[in-house]
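Undergrad: show me how the following folds:
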Amino acid sequence: MGTVFKYVVDTALCSVANELCQHCERPELPVYGYRGTVVDPQLAANVELAQAEPEVFYLCADCIQGGNVVRSNRHDVEQTVQRLATDPARAWQAFNQLPGIPLFLQGCFD
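TA: Numbering: from 1, shown residues only. Model prediction:
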C-alpha cells in the first residue's frame, strides 16, 4: 500500500515537527508518533538513556520497522488479534511496525 509503511498509504502519514527519533537520534529523518518500549537498549544511539527510560514516543520509520521496539498499547487490539488472526505472532509483528494512528472521535464529539 505505502512506500514508507507497508500498511499505511503515504498520503495518510503525518510526521511530528520539531522532534527527534528517540532510538537512533538522526536529526534529518521525519519522525512519527509511536508509544512503545525499546527491546534492547544496547542497540539505541543513547544506550544509557534507553536503559534508564526505555519508553519512546517518537521514532523514525527505520526504527519503527527495525524490530527493536514494541508498541505499548497492545491492549487496544488484543481481542481483535486473538479473534481474527490466523497467525498471531505475525499480526503482532506487523502491529509493532506501524506508527501511531491519531484518534478520530465520531458522533457528538466530532
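Undergrad: quick one: stretch 21-40 to chain centroid distance?
TA: If you compare the mean C-alpha spot of stretch 21-40 with that of the full chain, they lie 8 Å apart, counting by C-alpha atoms, centre = their mean, to the nearest Å.
Undergrad: element containing Glu48, please.
TA: helix 47-52 (DSSP states H and E).
Undergrad: do the same with Tyr58
TA: Counting by DSSP H and E, the element that carries Tyr58 is strand 55-60.
Undergrad: neighbouring contacts of the next helix or strand after that strand?
TA: Where DSSP H and E defines the elements, the next helix or strand beyond strand 55-60 is helix 61-65. The set of residues that contact helix 61-65 without belonging to it, under C-beta atoms under 8 Å, 6 or more residues apart in numbering, is 4-5, 21, 23-24, 29-30, 32, 34, 69, 96-99. Just so you know, the C-beta spots here come from the backbone N, C-alpha and C atoms, and that holds for glycine as well.
Undergrad: and helix 61-65, average pLDDT?
TA: Over the span of helix 61-65, the pLDDT mean works out to 96.
Undergrad: okay, buried residues for it please.
TA: Neighbour-count burial for helix 61-65, with 16 or more other C-beta atoms under 10 Å as criterion, is recorded at Ala61, Cys63, Ile64, Gln65.
Undergrad: thanks a lot, catch you later.
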